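A.B. asks: Pasting a predicted model and its sequence here:
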Amino acid sequence: MVINRGRTINFINGITGVQAGANAIVNMPVNQRYHRNVFQCRGVNYTGGTALVVTAITGSGIGATVTPTIVNGVVTAVTAVAGGSGWVVGNTFTFTDATGTGFIGTVATVTGGPPGALATATVTVGGTASPISPITLLTSVKQMVNGVNMRDITPDSIQRISIANGYNPSLGELPLFYTPPWRNINQDNEITSWDLFGQSTFQLQFGISSTVSLPSLTGVTEYDSFRNTRMIGDKEVPFLQPTAQHQFSWPIVAGRNDINTLPFDFPISRMWLLGSVPGSISQVEVFQDGNKPFEADIFQLKDMYSEYGFKFGDRLSFLDVNYPTSAALQGAYQAPLYFDAAFIADPDQRWQKALIAERQMILRVFSDVAQTLTIVQETMPGAYS
């Protein structure tokens with residue numbers, strides 16, 4: 001029998017309930033070791049613009065431009081800006097959009113003809129499904145093992161974590177990493193993979209937005225048939241070291257805020273911080289059983305972590321600079337999104353350096369304004385609990 005000694009990448013089958021306003025569910029097989037699940041999100045995704053150039057589908061009209069009306073990604077109307085020439089009632093046309101596809105308009109009236117200038121048109125097809133940001137398609141993502149909620153952070157936070165670690169997802173991509181690519185610098189890079197041998201269930205749950213038309217969700221999974229093991233004496237013993245992710249929100253005031261009710265039952269590898277008024281966090285401190293493992297103002301924090309490759313949006317990349325004006329980039333990549341600040345216990349990617357607190361853990365945040373603070377906490381529970 002031929003044995004695959006590497007990883008396997010297969011389609012994810014059995015995704016059910018993908019419809020507007022519903023909850024999609026996929027029950028993943030157990031008794032294998034997961035490295036990542038990567039989903040592709042699609043829906044009608046027009047973003048529009050003004051005076052967009054029209055291309056004839058039928059007929060020989062040229063030179064017209066239109067401004068579309070977009071509602072939840074769907075083209076609901078078009079207004080002629082320039083009529084062009086050569087148009088006949090009943091001709092069909094489309095226009096190029098940075099993210100949307102499939103629009104068909106039909107010429108309703110012309111002037112000066114026929115053939116003549118396009119005067120008014122109706123919408124025949126408001127768009128077809130194309131890649132759409134998971135933040136738009138999905139309202140929630142939960143990853144459950146044996147019914148235990150291991151990860152429940154928002155699609156927005158999932159994208160920000162990837163970008164903060166140096167990976168910019170493509171438009172429509174939702175990457176769920178268990179062996180994160182940024183930890184591949186480690187000799188034992190697969191330690192945090194999700195070893196599901198002997199587990200009962202592995203279920204992924206997705207809330208589907210009620211405002212997206214023609215939603216769809218597909219995916220691929222990467223896994224292998226090995227175990228995470230270590231030597232105890234002369235025996236090789238399996239162990240678990242999954243990364244859990246949970247999200248919390250606090251109202252904070254302008255000035256100093258001491259948050260002492262965050263859970264610290266398990267070692268904490270990262271805490272990502274995002275204010276409802278972005279760019280208004282000025283300083284972060286962390287206290288652990290009377291010890292202070294971290295303190296820095298926002299500029300020092302970004303300097304220290306950026307040296308290890310983490311991104312906070314203050315050092316603009318090619319994508320940051322060109323994305324706002326480039327239709328090609330908007331159609332290819334997730335818009336750049338960044339956290340305001342973070343506490344990263346293991347900037348060198350050594351998961352064993354996660355922060356351990358026995359009696360107390362305080363996160364002190366200084367804010368320039370009163371706002372709501374979102375904290376995404378990554379922990380190492382050592383089990384599916």
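C.D. replies: Sure thing, it's come through. Numbers count the residues shown, from 1 in each chain.
A.B. asks: ok now whichever strand in the chain runs longest, how far from the chain's centre?
C.D. replies: Criterion DSSP state E: the longest strand present in the chain is strand 33-44. Distance of strand 33-44 from the chain centroid (CA atoms, centre = their mean, to the nearest Å) equals 10 Å.
A.B. asks: mind saving the C-alpha coords of that strand as CSV?
C.D. replies: Presented in CSV, the C-alpha positions along strand 33-44 are these (Å, rounded to 0.1, in the frame of the first residue of the first chain):
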residue,chain,number,x,y,z
ARG,A,33,-4.4,16.1,12.0
TYR,A,34,-5.5,19.5,10.6
HIS,A,35,-3.2,22.2,9.4
ARG,A,36,-5.6,24.6,7.8
ASN,A,37,-9.1,25.0,6.3
VAL,A,38,-9.4,27.7,3.7
PHE,A,39,-12.8,28.9,2.5
GLN,A,40,-13.8,30.9,-0.6
CYS,A,41,-16.7,33.3,-0.2
ARG,A,42,-18.8,34.4,-3.1
GLY,A,43,-21.9,36.6,-3.6
VAL,A,44,-23.1,39.5,-5.8
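A.B. asks: How is the chain divided into domains?
C.D. replies: Residue ranges for the domains of the chain, per automatic domain parsing: 8-44+132-241, 52-129, 243-385.
A.B. asks: follow-up on the earlier one: the longest strand of the chain pairs with which strands, parallel or anti?
C.D. replies: strand 129-131 (antiparallel), strand 173-177 (antiparallel), strand 194-195 (antiparallel), strand 216-224 (antiparallel) (DSSP bridges).
A.B. asks: All the strands of the stretch 1-150 of the chain, in order from the start?
C.D. replies: 8-11, 23-28, 33-44, 52-56, 65-71, 74-82, 92-95, 104-111, 117-125, 129-131, 138-145, 148-151 (DSSP state E, counting those that start in this stretch).
A.B. asks: and Y333, which of those is closest to it?
C.D. replies: strand 129-131 (10.1 Å; CB to CB). No exception for glycine: its C-beta is placed from N, CA and C like everyone else's.
A.B. asks: so for that closest one, what's the average pLDDT?
C.D. replies: Regarding strand 129-131, the rounded mean pLDDT is 98.
A.B. asks: What lies in contact with that strand?
C.D. replies: Residues from elsewhere that reach strand 129-131 (CB atoms under 8 Å, 6 or more residues apart in numbering): 40-45, 99-102, 170-173, 214-216, 331.
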